[in-house]
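K.L.:
After the sequence you'll find the predicted model.
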Amino acid sequence: MEKKKKKTNKKRKRKETLEDKLKYEIAAELGLMDKIEKVGWGGLTAKESGKIGGLITVRKREMNKKQE
(Lines give C-alpha, C1' and ligand atoms only; values in the text may rest on other atoms or scores of the structure.)
Protein backbone atom coordinates (compact mmCIF):
# COMPACT_ATOMS: atom_id res chain seq x y z
CA MET A 1 0.00 0.00 0.00
CA GLU A 2 1.37 3.43 -0.99
CA LYS A 3 1.59 6.25 1.44
CA LYS A 4 0.13 9.52 0.29
CA LYS A 5 2.39 12.50 0.63
CA LYS A 6 0.98 15.67 2.02
CA LYS A 7 1.25 18.60 -0.29
CA THR A 8 2.89 21.51 1.40
CA ASN A 9 2.87 25.05 0.25
CA LYS A 10 6.59 25.72 -0.08
CA LYS A 11 6.09 29.32 -1.09
CA ARG A 12 4.99 31.03 2.07
CA LYS A 13 4.03 34.64 2.00
CA ARG A 14 6.50 36.53 4.08
CA LYS A 15 5.97 39.90 5.59
CA GLU A 16 7.12 42.73 3.34
CA THR A 17 10.12 44.52 4.84
CA LEU A 18 11.34 48.08 4.41
CA GLU A 19 14.03 46.79 2.04
CA ASP A 20 11.39 45.09 -0.09
CA LYS A 21 9.35 48.27 -0.35
CA LEU A 22 12.41 50.32 -1.24
CA LYS A 23 13.54 47.73 -3.78
CA TYR A 24 10.27 47.87 -5.69
CA GLU A 25 10.06 51.65 -5.43
CA ILE A 26 13.59 52.15 -6.78
CA ALA A 27 13.15 49.56 -9.53
CA ALA A 28 10.05 51.42 -10.70
CA GLU A 29 11.92 54.75 -10.65
CA LEU A 30 14.71 53.23 -12.75
CA GLY A 31 12.18 51.84 -15.24
CA LEU A 32 13.02 48.21 -14.55
CA MET A 33 9.60 46.88 -13.55
CA ASP A 34 8.72 45.66 -17.06
CA LYS A 35 11.94 43.64 -17.18
CA ILE A 36 11.40 42.27 -13.67
CA GLU A 37 7.85 41.17 -14.53
CA LYS A 38 9.09 39.38 -17.68
CA VAL A 39 12.27 37.67 -16.43
CA GLY A 40 12.20 38.11 -12.65
CA TRP A 41 14.74 39.61 -10.29
CA GLY A 42 17.36 37.08 -11.38
CA GLY A 43 17.24 38.45 -14.91
CA LEU A 44 18.70 41.81 -13.92
CA THR A 45 22.30 42.57 -14.76
CA ALA A 46 24.86 43.03 -12.02
CA LYS A 47 24.93 46.73 -12.80
CA GLU A 48 21.15 47.06 -12.41
CA SER A 49 21.10 45.05 -9.17
CA GLY A 50 24.00 47.04 -7.78
CA LYS A 51 22.30 50.32 -8.62
CA ILE A 52 19.16 49.23 -6.76
CA GLY A 53 21.18 48.01 -3.76
CA GLY A 54 23.22 51.19 -3.62
CA LEU A 55 20.16 53.40 -3.72
CA ILE A 56 18.51 51.34 -0.97
CA THR A 57 21.57 51.95 1.21
CA VAL A 58 21.55 55.68 0.50
CA ARG A 59 17.85 56.00 1.32
CA LYS A 60 18.16 53.99 4.53
CA ARG A 61 21.02 56.26 5.67
CA GLU A 62 18.93 59.34 4.90
CA MET A 63 16.02 57.91 6.87
CA ASN A 64 18.28 57.19 9.85
CA LYS A 65 19.69 60.73 9.79
CA LYS A 66 16.17 62.20 9.84
CA GLN A 67 15.27 60.08 12.88
CA GLU A 68 18.26 61.29 14.90
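P.N.:
Now that the structure is in, tell me what you want to look at. Residues are numbered from 1 along each chain as shown.
K.L.:
Helix, strand, or coil at residue 49?
P.N.:
Secondary structure state of residue 49, per DSSP: H, G, I helix; E, B strand; the rest coil, is helix.
K.L.:
Now it. Nearest residue, chain neighbours left out?
P.N.:
residue 41 (7.9 Å; Cβ to Cβ, 6 or more residues apart in numbering). Where C-beta positions appear, they are placed from N, C-alpha and C, glycine not excepted.
K.L.:
buried ones in whatever helix or strand residue 20 lives in?
P.N.:
Using DSSP states H and E, residue 20 maps to helix 18-29. Buried residues in helix 18-29, counted by 16 or more other Cβ atoms under 10 Å: 22, 23, 26, 27.
K.L.:
Would you quantify the distance from the last one to residue 33?
P.N.:
Counting by Cβ to Cβ, to the nearest Å, the separation of residue 27 from residue 33 is 6 Å.
K.L.:
can you check the first one too?
P.N.:
Between residue 22 and residue 33 the distance, using Cβ to Cβ, works out to 14 Å.
K.L.:
what's the answer for the second one, then?
P.N.:
When Cβ to Cβ is the yardstick, residue 23 and residue 33 sit 11 Å from each other.
K.L.:
Since that was my last question, I'll sign off now.
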